[in-house]
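Enquirer: sequence plus predicted model, see below.
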Amino acid sequence: MICNETNERYVYQCGKYRVDLMANDGAMECECPDWQARRGPALRSGDPAYTRATMCKHGKACLWTFVRELLPKLSAMDGGGL
Ligand SMILES: [Zn+2]
């Protein structure tokens, strides 16, 4: 799963779907049918964010992309110690 950063902050293009990591108060949102039909409703019904019930494979892939991009930046920012 290849995710590319878009010009918007915290928004990724994952295959043909757009993933907004900061949507739903940081619980993310994906355009795919899976998220729209199952994960979104689960999130709205109270299931916790970032679990299998509320995150599709695109969201998961983008989250890892985000972490991989962010960690080196955070690490460089404070001289190496988090
Ligand atoms: Zn998705």
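Expert: The structure has been received and is ready for your questions. Numbers count the residues shown, from 1 in each chain.
Enquirer: can you show me the CA trace of the lengthiest helix in the chain as CSV?
Expert: Determined from DSSP state H, the single longest helix within the chain is helix 57-77. Extracted in CSV, the C-alpha atoms of helix 57-77 (Å, rounded to 0.1, in the frame of the first residue of the first chain):
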residue,chain,number,x,y,z
LYS,A,57,-6.3,-0.8,5.6
HIS,A,58,-5.7,2.6,4.0
GLY,A,59,-5.8,4.4,7.3
LYS,A,60,-3.4,2.0,8.8
ALA,A,61,-1.0,2.3,5.9
CYS,A,62,-1.2,6.1,6.0
LEU,A,63,-0.7,6.1,9.8
TRP,A,64,2.5,4.1,9.4
THR,A,65,3.7,6.4,6.6
PHE,A,66,3.0,9.4,8.8
VAL,A,67,5.0,7.9,11.7
ARG,A,68,7.9,7.0,9.5
GLU,A,69,8.0,10.6,8.2
LEU,A,70,7.5,12.1,11.6
LEU,A,71,9.9,10.2,13.8
PRO,A,72,13.1,11.4,12.1
LYS,A,73,11.8,15.0,12.1
LEU,A,74,11.0,14.8,15.8
SER,A,75,14.3,13.2,16.5
ALA,A,76,16.2,15.9,14.6
MET,A,77,14.2,18.7,16.3
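Enquirer: what parts of this structure come near the ion?
Expert: C30, C32, W35, C56, H58 (Cβ under 5 Å from the ion). To be clear about C-beta, it is placed using only N, CA and C from the backbone, and glycine gets the same treatment.
Enquirer: for those residues, name the two members farthest from one another.
Expert: Based on Cβ to Cβ, the longest span within the residues of the chain next to the ion runs between W35 and H58 and measures 7.4 Å.
Enquirer: pLDDT weak spots in the chain?
Expert: Within the chain, the segments meeting pLDDT under 70 span 79-82.
Enquirer: now the helices for it?
Expert: Taking DSSP H as the test, the helices found in the chain are 23-26, 33-34, 40-44, 57-77.
Enquirer: tell me which of those is the most buried.
Expert: Relative to the other members of those, helix 40-44 carries the highest mean neighbour count by mean count of other Cβ atoms under 10 Å, namely a mean of 17.
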